[in-house]
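Asks: Please work out how this folds:
(2 chains)
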There are 2 protein chains.
Amino acid sequence: MANPPPQHNSYLPLYTPPQVAHHEWRTASNSAAYLLPSLSALATSTPNLRLLDVGCGSGTISTSLAALIPSGSVTATDISPEILARAKDLAAKAGVANISFQEADIYALPFEDGTFDVVHASMVLSHVDDPVQAYREMLRVTRPNGGLVANRESDLRMWSYYPPLPGLRRAHEVLLATTREGGGNVDAGAKLVAWAMEAGVGKEAIEVSMGTWMYSSVEERRMWGDTMVERCRRGGGREKALEMGIATEADFESMAEAWAEWQAAEDACHGMMHGEILIRK
Amino acid sequence: MANPPPQHNSYLPLYTPPQVAHHEWRTASNSAAYLLPSLSALATSTPNLRLLDVGCGSGTISTSLAALIPSGSVTATDISPEILARAKDLAAKAGVANISFQEADIYALPFEDGTFDVVHASMVLSHVDDPVQAYREMLRVTRPNGGLVANRESDLRMWSYYPPLPGLRRAHEVLLATTREGGGNVDAGAKLVAWAMEAGVGKEAIEVSMGTWMYSSVEERRMWGDTMVERCRRGGGREKALEMGIATEADFESMAEAWAEWQAAEDACHGMMHGEILIRK
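Replies: Below is the predicted model:
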């Protein structure tokens, strides 16, 4: 049976301002720490290191990675030209010059085999319907004999938060249902080894770990609470959930109120858990 | 209304060989990494640093902390004399001499106010019925003006594993139900800030993060799979669940088989998530 061509089907409608606010909080240190020791070692042995960041979104991780390898260079790709324009602006504002941006499909990267020393993706594979094919393509453009593929994806089921407000529980249920219905992988973070092995990687070439985001300080609660309140009031995720009948407008208003209550609570926290994989080619 | 005296009611029956196997895999680096930068700074300014490890169990974390502060010393306490005997043996075998062991109740630590520079506990507060009182007592024996309380507790609800075997799902449900019924806190990892603030700590004195354990390599799967198979076949957790009618002997046999299947699967992984708090006194 022929498979239908793979799709990137759960994410594109979500690029709206509230999501971008949280995306732009992301940096190499809070989102790619598992890669940094290997990157540093590789940058020492390969001064002109070439790093590809696939599905870069607004590019704050890509730009901070570029800043860490001043004698190397970063190519950052995304399927959305709108978000790439934003990413370019942010890189220019950050004064980072060793980075270029390019529109690309993760299933058909416009690069020769073995072009890059490091190929990185953060929170991307969970949003495509054929993550194994995406790994194959990322591996193809990675150089043999020492090249590295690095990937971090959330296990969206893992939300550890306080206080246990019913509106936050509902928000989590709605996120999971909307992601599942949209063809995304809520449990991507737990599947990275399985996907890599299905893509032909031997277990001995894999290092796997889990990392977290944790929001509790005043600044973190401001950033995350604002993001979540806004997601409940507008944006693609809300529209999809309404269309699919997963939640009502009244539900979303209750969830927004719960996030505002969470944001105001001094003893509040919200932890999330992400799988992390390093594949040595 | 007078409160009943606080109890340590969910943990004591669990000290059986299978649990100890996993306990003894624990070290400062896999279980107290969040503390190490602060500990290192404090050890530089306080050469004779005194560290108290409360609820040390078989003491492998305590002993590895002692090895990190060779000019300081560690006092490690537990309420169980049996496990302290084991901890002493292990410390002696590891050749670590700057550590002593002492039986103690976390609610009534046998030390003067302000005795220690650092007071640490790992996976302890989730097993007592008054964690706020435990924090008060840990804070009491911590020195003012620069002393540090460090604590890591699991959010037991957060199990990210692959493959998604029904027997593992059942094992997780049984763990949660048995812990809840036994008076433990399954969500301790999410409550550390709330507990600390209830114990009188200001938010500005708190740093909170989340850490993980992740088992996927052959060695990790051997250690964790053996531990979990054994827990299903004997030990206090099993006995409690059987007594409480949470699971049957046949359930436990299915769960043991699922853990063996998990252990044998090359692409298997199991991640867990823990809250971590540093309180500066």
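Asks: list the contacts for residue A:207?
Replies: A:277-278, A:280 (CB atoms under 8 Å, 6 or more residues apart in numbering or on different chains). C-beta coordinates here come from the backbone N, C-alpha and C atoms, glycine included.
Asks: From chain B, how far off is the most centrally placed residue in chain A?
Replies: Centroid-nearest residue in chain A, with CA atoms, centre = their mean: residue A:123, separated by 1.9 Å. Residue A:123 is 15 Å from chain B, where distance means CB to the nearest CB, to the nearest Å.
Asks: would you turn the contacts of residue A:207 into a markdown table with pLDDT?
Replies: As requested, those are arranged in a markdown table below (pLDDT from 0 to 100):
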| residue | pLDDT |
| --- | --- |
| A:277 | 98 |
| A:278 | 98 |
| A:280 | 98 |
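Asks: Doesn't residue A:246 lie inside a helix?
Replies: No - assignment of residue A:246 by DSSP: H, G, I helix; E, B strand; the rest coil gives coil, placing it outside any helix.
Asks: Out of the contacts of residue A:207, who's the most crowded?
Replies: Neighbour counts for the contacts of residue A:207 peak at residue A:277, which has 26 neighbours (criterion: other CB atoms under 10 Å in any protein chain shown).
Asks: Torsion angles phi and psi at it?
Replies: Here is the backbone geometry of residue A:277 (degrees, to the nearest 10): phi -130, psi 140.
Asks: and what of the one 3 residues further on?
Replies: The phi and psi values for residue A:280, taken as degrees, to the nearest 10, are phi -90, psi 120.
Asks: With residue A:187 instead?
Replies: Main-chain torsions, residue A:187, degrees, to the nearest 10: phi -110, psi 30.
Asks: Go ahead and confirm it touches residue A:158.
Replies: No - the pair residue A:187 / residue A:158 is not scored as a contact, 9.2 Å apart, by CB atoms under 8 Å.
Asks: Need the overlap of contacts for these two.
Replies: residue B:160.
Asks: more crowded one of these two?
Replies: residue A:158 (28 against 21).
Asks: least trustworthy helix or strand in chain A by mean pLDDT?
Replies: Of all helical and strand segments in chain A, the minimum by mean pLDDT, DSSP states H and E falls on helix A:17-23, at a mean of 61.
Asks: what's around residue A:153, how many residues?
Replies: 25.
Asks: And for residue A:108?
Replies: When neighbours are counted by other CB under 10 Å, residue A:108 comes out with 10.
Asks: quick one, what contacts it?
Replies: Residue A:108 neighbours (CB under 8 Å, 6+ apart): residue A:137.
Asks: quick one, phi psi at it?
Replies: Dihedral angles (degrees, to the nearest 10) for residue A:108: phi -150, psi 70.
Asks: ok, so what distance separates it from residue A:140?
Replies: Distance, residue A:108 to residue A:140, using CB to CB, to the nearest Å: 10 Å.
Asks: do the same with residue A:154
Replies: 25 Å.
Asks: Wait, the residue nearest to the centre of chain A touches residue A:156, no?
Replies: No - Residue A:123 is beyond contact range of residue A:156, at 10.1 Å (criterion: CB under 8 Å).
Asks: what's the burial count for the residue in the stretch 1-150 of chain A that chain B sits nearest to?
Replies: Closest residue of the stretch 1-150 of chain A to chain B, CB to the nearest CB: residue A:34 (10.6 Å). By other CB under 10 Å, 21 other residues sit near residue A:34.
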